[in-house]
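K.L.:
Build the 3D model from these lines:
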Amino acid sequence: MAIPFAVAAGQFGRQILKHLGKGQKWVGKKTAIGADLAAKKGWHGTSKFITGTSQKTSQGIKWAGKKAKKYPKTTAALGGAAIWDILDND
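P.N.:
Here you go, the predicted structure:
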């Protein structure tokens, strides 16, 4: 009984990693557009802030990905708990 759960947890962990990568790419593209627009308008401080926030977000996503690879069962459990909380209408 535990083996199917472990396989499912590993597959769910891989899906989380896949979506983290897509999210990181999306965040990078959108913040680059925002920073470029702010720089063109002359808001250099805002542009620096946007770029710095983007870099910190990217580092956070990489950290989460490393932890998800190291602890796939825990990642699956946390993801399942979050989805349960969202879907539970009580």
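
K.L.:
and the helix or strand Lys62 falls within, what does it pack onto?
P.N.:
Element membership for Lys62, per DSSP states H and E: helix 44-70. Judged by 3 or more CB pairs under 8 Å, 6 or more residues apart in numbering; DSSP states H and E, helix 44-70 is in contact with helix 2-41. For glycine as for every other residue, the C-beta is placed from the backbone atoms N, C-alpha and C.

K.L.:
Can you check the pLDDT for Arg90?
P.N.:
Let me fix one detail, which is that residue 90 is Asp and not Arg. Asp90 is assigned a pLDDT of 60 by the prediction.

K.L.:
So Ala39 sits against Ile50, correct?
P.N.:
No. With contact defined as CB atoms under 8 Å, Ala39 does not reach Ile50; the gap is 9.2 Å.

K.L.:
Out of these two, name the residue with the larger neighbour count.
P.N.:
Using other CB atoms under 10 Å, the more surrounded residue of Ala39 and Ile50 is Ile50, with 21 against 15.

K.L.:
Quick check: the more buried one vs Thr57, distance?
P.N.:
Here Ile50 is placed at a distance of 10 Å from Thr57 (CB to CB, to the nearest Å).

K.L.:
Kindly format the C-alpha coordinates of stretch 37-50 as CSV.
P.N.:
Extracted as CSV, the C-alpha positions of stretch 37-50 are listed here (Å, rounded to 0.1, in the frame of the first residue of the first chain):
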residue,chain,number,x,y,z
LEU,A,37,9.1,50.3,-19.1
ALA,A,38,10.0,52.0,-15.8
ALA,A,39,13.5,52.8,-17.0
LYS,A,40,12.2,54.3,-20.3
LYS,A,41,9.9,56.5,-18.2
GLY,A,42,12.8,57.7,-16.2
TRP,A,43,11.9,55.9,-13.0
HIS,A,44,15.3,54.4,-12.4
GLY,A,45,14.8,53.6,-8.7
THR,A,46,11.6,51.7,-9.5
SER,A,47,13.4,49.8,-12.3
LYS,A,48,16.1,48.8,-9.9
PHE,A,49,13.5,47.7,-7.3
ILE,A,50,11.7,45.6,-9.9
